[in-house]
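# What follows is a protein structure lacking sequence information:
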Ligand code: GYE
């Protein structure tokens, strides 16, 4: 890749945040290939597959990169090994999509000592020293959770459903991952604020199989569930299968015995289920991080400063038009109004993932 000066401006979809850190410049000479090691979480969900494809398409040979890709199969120990291999191979950049937030201090210190910049992608790391990574790009999971909770409150209010008649179960993501922490917190805040009954919470590991298993056991334990809060689309697919196998109906008419499914990701299959009315509200989580990470690398290559935290803008889709907007506060404590878009086939067809 040719060393050239590129604009430090990140895309409009990347909302700048917090402090600015000095860029760690890697002296890629004219014509040099940039080597990046990417430690990916796994292949647990449709979201993850779209994320992997985006990264692979961006960091291709023809774009001037050598990508060393490692699938950690949802295990942190595999990620630690992958990062240590990247250090040994003296890659130019380490890209890390961390499975959970904690447990990274030692290995990131090793990367820092080796002088290799680390870009965190998707979920966050919780480290004692922020200089252990150069920059982060990803989703605001807490905001996503709050959007879903505000949507549920607005929906129930519009349909005159009493908060005390809402019996919700939470199929959580991988415990300790940013996506789980934020989405679970968003729901908990809604429970505290509005007085819904939170019957049960259990991890479905962000997979369809585990989502189905957890929903089956919850249905056996509780006969009054009317809302299922799934922390990603694949868990929702499993939960829907479990509900239908138990002879119940998924849908928004909870006053008449239907079980409402709320989900996150807005994958193609998730939005298709939303159009079919099986998922009532799906909060977007955008997986297309490849070009965003590349923009950060280009800025660093040009010796420019980059924002430490780069949040991606995301939407909300629903099966119907009962709620047209919600107000929610993001992780930076900024209150915003977010439109809720009733899903159509045209919207699904026009999307990139
Ligand atoms: O929602 C889920 C995936 O970390 C935001 O991980 C990501 C989550 C995404 O497995 O489907």
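Cool, got the structure. This one's a predicted model, so the numbers in the text were calculated from it and none came from an experiment.

# Quick check: the residue nearest to residue 94 when sequence neighbours are not counted vs residue 287, distance?
The shortest distance from residue 94 to any non-neighbouring residue, by Cβ to Cβ, 6 or more residues apart in numbering, is to residue 118 (4.6 Å). In short, each C-beta sits where N, CA and C put it, glycine included. Distance from residue 118 to residue 287, counting by Cβ to Cβ, to the nearest Å: 20 Å.

# From what I see, the residue nearest to residue 94 and residue 96 are in contact.
Yes: under the criterion of Cβ atoms under 8 Å, residue 118 makes contact with residue 96 at 6.1 Å.

# Show me whatever sits in contact with both of those two.
Common contacts of residue 118 and residue 96 (Cβ atoms under 8 Å, 6 or more residues apart in numbering): residue 133.

# higher neighbour count, those two?
Shown here are residue 118 and residue 96; by other Cβ atoms under 10 Å, residue 96 has more neighbours (28 against 24).

# so what's that one up against?
38, 39, 79, 83, 104, 118, 119, 120, 121, 125, 133.

# nearest to the ligand, of those residues?
For the contacts of residue 96, the minimum distance to the ligand (Cβ to the nearest ligand atom) is 9.4 Å, reached by residue 121.

# neighbours around that closest one, how many?
24.

# Would you check that it makes contact with residue 287?
No: taking contacts as Cβ under 8 Å, residue 121 lies outside contact range of residue 287: 10.0 Å.

# In TSV, list the contacts of residue 96 along with secondary structure.
Putting the contacts of residue 96 into TSV (DSSP: H, G, I helix; E, B strand; the rest coil) gives the following:
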residue	secondary structure
38	strand
39	strand
79	helix
83	helix
104	coil
118	strand
119	strand
120	strand
121	strand
125	coil
133	coil
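
# Which one of those residues is nearest to residue 263?
residue 121 (22.1 Å; Cβ to Cβ).

# Could you give the number of residues near the nearest residue in space to the closest one that is not next to it in sequence?
Take residue 121 and drop its neighbours on the chain: the residue closest to it by Cβ to Cβ, 6+ apart is residue 97, 4.7 Å away. Neighbourhood size, residue 97 [other Cβ under 10 Å]: 22.

# what's near enough to touch residue 97?
Contacts of residue 97 (Cβ under 8 Å, 6+ apart): 38, 39, 40, 41, 51, 120, 121, 122, 123.
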